[in-house]
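K.L.:
Sequence and predicted structure are below.
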Amino acid sequence: MTYPLTIVLTGGIGSGKSTIAKIFQEYDIATIDADEIAHEICSPQRPVLKIIQQKFGEKIINPDGALNRTKLRRIIFKNKEDKNWLERLLHPIIYQTMDQRLQSAKSPYVVLVIPLFFNAPPPFPIDRILLVESDEKNRKSRLLQRQNDLSSAEIEQIFQAQITSQDRTKKADDIILNDADFATLKHQVETLHKAYLQRVPSHHR
């Protein structure tokens, strides 16, 4: 089984992972996003959604048949056993899908966007851990703009549930600071892109 150079992109909620992934894509680097796969496997008519519906009932299904993520999120944040059940269901399927896409990726290296990497590392090889850090105030502001269905109390609850910035920083190989303008962010990604290309075995370039 052959894997390309594999970079995990992780960081706290609202830190800017999706924006950074898009910048890597501009350099023709394949990115595989765990959250996007979670959306795919929980789409209507997929077996996973039926299992979740059986567990939590009709209340977490929208009239159009789609998963009501806001309601589900509120349920699992109130009940740790429910949260653990959902993670046990989804994580193996998400990582199996990531593994398949990783092995078929054609770019010199691949960026895997895994928000919960430190809580549940994948079973396949990882070469570098790229952490994006941002001031908590900026992260909360981005989250409010992106998720207007969340209350301030719910956002605070999400932040409390994540591991601390200090713990993330200790485990990271590379760090991007996302508290300045877009040009500064893009320059940091460009610098890392050049560094990662240097790490790619010559026959994969």
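P.N.:
Okay, I see it.
K.L.:
list the helices and strands the lengthiest helix in the chain packs on?
P.N.:
Secondary structure of the chain per DSSP state H: the longest helix is helix 80-104. Helix 80-104 is packed against strand 30-33, helix 34-41, helix 47-56, helix 69-78, strand 109-113, with contacts defined by 3 or more Cβ pairs under 8 Å, 6 or more residues apart in numbering; DSSP states H and E. Just so you know, the C-beta spots here come from the backbone N, C-alpha and C atoms, and that holds for glycine as well.
K.L.:
which residues touch the shortest one?
P.N.:
I take that to be strand 30-33. 9, 18, 21, 24-25, 98, 101-102, 105-107, 110-113 (Cβ atoms under 8 Å, 6 or more residues apart in numbering).
K.L.:
Show me which pair in these is furthest apart.
P.N.:
Using Cβ to Cβ, the contacts of strand 30-33 reach their maximum pairwise distance at Ser18 and Lys106, which is 21.8 Å.
K.L.:
More neighbours: which of these two?
P.N.:
Set side by side, Ser18 and Lys106 show more neighbours around Ser18, with 14 against 9, by other Cβ atoms under 10 Å.
K.L.:
element containing that one?
P.N.:
Using DSSP states H and E, Ser18 sits in helix 17-26.
K.L.:
Run the angle between that helix and strand 109-113 for me.
P.N.:
160 degrees (axes from the mean of the first three to the mean of the last three Cα atoms, to 10 degrees).
K.L.:
CA-only coordinates of helix 17-26 in CSV, if you can.
P.N.:
Provided in CSV are the C-alpha atoms of helix 17-26 (Å, rounded to 0.1, in the frame of the first residue of the first chain):
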residue,chain,number,x,y,z
LYS,A,17,-8.9,25.4,8.2
SER,A,18,-11.3,25.5,5.1
THR,A,19,-9.7,28.8,3.9
ILE,A,20,-6.2,27.3,4.2
ALA,A,21,-7.3,24.1,2.4
LYS,A,22,-8.6,26.2,-0.5
ILE,A,23,-5.2,28.0,-0.7
PHE,A,24,-3.4,24.6,-0.9
GLN,A,25,-5.9,23.7,-3.7
GLU,A,26,-4.7,26.7,-5.7
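K.L.:
and it, what does it pack onto?
P.N.:
Applying 3+ Cβ pairs under 8 Å, 6+ apart, one finds that helix 17-26 contacts strand 5-11, strand 30-33, strand 109-113, helix 182-199.
K.L.:
Brilliant, that's me finished.
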